[in-house]
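Participant: With the sequence up front, the predicted model follows.
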Amino acid sequence: MTKIAVEQGLRPFQEALKTAGFLVVEVERPDDIRKSGAQAVVISGMDRDFLEIDDSRKSPVITAAGRTPEQVVAEVRRSLGPVE
């Protein structure tokens, strides 16, 4: 199952991702993201320093600001590409 890290406080996005079949891990701090082993990260976009930008990050980062939960799910799927 594909694991998605979601910034704390984004409950509607967490629920939409769970419904779409993703394993969702709520994260509070950048260290939580690294430890989670998530294949993608969803952030609110309100705190631009939340991720403590790391050039070695391989996981796609999707911003929820201005998007519906369904749009975020679609963007996560697009960013991850075909899943085998």
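Facilitator: It's in.

Participant: now G81: how far from P12?
Facilitator: 25 Å (Cβ to Cβ, to the nearest Å). (C-beta placed from N, C-alpha, C; glycine too.)

Participant: neighbour count winner among those two?
Facilitator: P12 (12 against 8; other Cβ atoms under 10 Å).

Participant: Not counting residues beside it along the chain, what's closest to the more buried one?
Facilitator: P69 (4.8 Å; Cβ to Cβ, 6 or more residues apart in numbering).

Participant: Check whether that neighbour really touches A16, as I assumed.
Facilitator: Yes. Contact criterion Cβ atoms under 8 Å: P69 and A16 qualify, at 3.4 Å.

Participant: In terms of packing, which of these two has more residues around it?
Facilitator: A side-by-side neighbour count of P69 and A16, using other Cβ under 10 Å, places A16 first with 22 against 19.

Participant: Let me know the pLDDT of R29.
Facilitator: For R29, the model assigns a pLDDT of 85.

Participant: just E52 next, same as before
Facilitator: At E52, pLDDT is 56.

Participant: Flag the shaky bits of this protein, pLDDT-wise.
Facilitator: The model of the chain has pLDDT under 70 over residues 47-57, 83-84.

Participant: Break down it into its strands, ranges please.
Facilitator: Along the chain, the stretches classed as strands by DSSP state E are 3-7, 23-27, 40-43, 61-63.

Participant: Any chance of those strands in TSV with mean neighbour count and distance to V73 as columns?
Facilitator: What follows is those, written out as TSV (neighbours: other Cβ atoms under 10 Å; distance: least, Cβ to Cβ, whole Å):
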stretch	mean neighbour count	distance to V73
strand 3-7	23	9
strand 23-27	17	11
strand 40-43	24	9
strand 61-63	18	9
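
Participant: Which of those sits closest to E75?
Facilitator: strand 61-63 (4.9 Å; Cβ to Cβ).

Participant: who does the closest one pair up with?
Facilitator: strand 40-43 (parallel) (DSSP bridges).

Participant: Quick check: phi and psi at G37.
Facilitator: phi 70, psi 20 (degrees, to the nearest 10).
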